[in-house]
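Trainee: let's see this in three dimensions:
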Amino acid sequence: MTARDARLHAFRSDLADARLKGEVAADRFVAGRPARITASVADIRKAPRPDAGVNTQALFGDDVLVFEDVEGWAWIQAERDGYVGYVADTVLGARDHAPTHVVSVPRTFLYPGPDLRFPINGQLSMGSAVTVTGAAETRGTHYALLPSGEAIVSGHLRPVGEAAADYVAVAEAFLGTPYLWGGASGFGIDCSGLVQLAMRMAGQQVLRDSDMQAATIGEPLDPGPDFARLRRGDLVFWKGHVAVMTDAKTMIHANGHTMLVSREGFKDAVARIGYLYGGPTGFRRP
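Mentor: This is a model prediction of the structure:
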């Protein structure tokens, strides 16, 4: 049997994805049932318990495959990045409508109708996928209408497939966002979640965790003497951490030091992080 990363392949000793038959050992193999995330943000946990750690998050409109649904918990795999884990089954719904737009600002509100004075129904993060079925204007503000009758400010959306020109500029839009372990949304985000979401909005799908990103994004980079070859968009990795260079001397990262997405001088960060965790372990250029 071939060794597989359980974060990216749905297999346990008792149950596994039917696509892995012959590659992993399991008592039973099943085909995943298509479903879609209907909550604003869905925590994907290590185990089917409310006190289990959060590995990552799925966003409204994300498509998933469901391999098991037992006692209020679903074992799923996110189709976007392949991540496997457990979500509360209340966050799952049918794939009733094909998404037409994605949220393109860090956070936006979901209104019960096309009027910003209405009490909101909820909030959505950048990267959430929605289906726009109509348009309305109220007092000069333009709204996109959803199948539910709810409304989103139309300027906060862009068509599916329309990519941002610069992933670093997307990351910079999250400055001040709270740090959240396992977070992958505009409400709270971690270091590799920031990289993944920013690159996704720029049309590049990358894996979720920093070790995966350090092995797969772009090409390895020799930073040169005194890091002189670094430039905007380069990625810097430490053990369990990643940052994005905004220019030759400054980086942006979601970090536990400030508990925010923040800018930091690169050499200052090397000295500060090195005191506790050692120096950078690698550099990559997307």
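Trainee: tell me the buried residues in the helix or strand bottoming out on mean pLDDT in the chain?
Mentor: The weakest-scoring helix or strand in the chain, judged by mean pLDDT, DSSP states H and E, is helix 266-277 (a mean of 94). Within helix 266-277, the residues scored as buried using 16 or more other Cβ atoms under 10 Å are 266, 269-270, 273. Yep, even glycine has a C-beta here, placed from its N, CA and C like the rest.
Trainee: could those residues be laid out in TSV, adding distance to residue 170?
Mentor: Shown next, in TSV, are the buried residues of helix 266-277 (distance: Cβ to Cβ, whole Å):
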residue	distance to residue 170
266	20
269	21
270	24
273	24
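Trainee: any idea which of those residues is closest to residue 164?
Mentor: In terms of Cβ to Cβ, no member of those lies closer to residue 164 than residue 266, at 23.4 Å.
Trainee: wait, doesn't that closest one sit right on residue 235?
Mentor: No - at 12.0 Å, residue 266 does not count as touching residue 235 under the criterion of Cβ atoms under 8 Å.
Trainee: next, show the common contact partners of those two.
Mentor: Taking Cβ atoms under 8 Å, 6 or more residues apart in numbering as the criterion, residue 266 and residue 235 both touch 243, 245.
Trainee: show me what contacts residue 74?
Mentor: Residue 74 makes contact with 35, 66, 68, 86-89, 92, according to Cβ under 8 Å, 6+ apart.
Trainee: highest neighbour count among the residues you listed?
Mentor: Within the contacts of residue 74, residue 87 tops the neighbour count with 24 neighbours, counted by other Cβ atoms under 10 Å.
Trainee: helix or strand for that residue, which one?
Mentor: Residue 87 belongs to strand 84-88 when assigned by DSSP states H and E.
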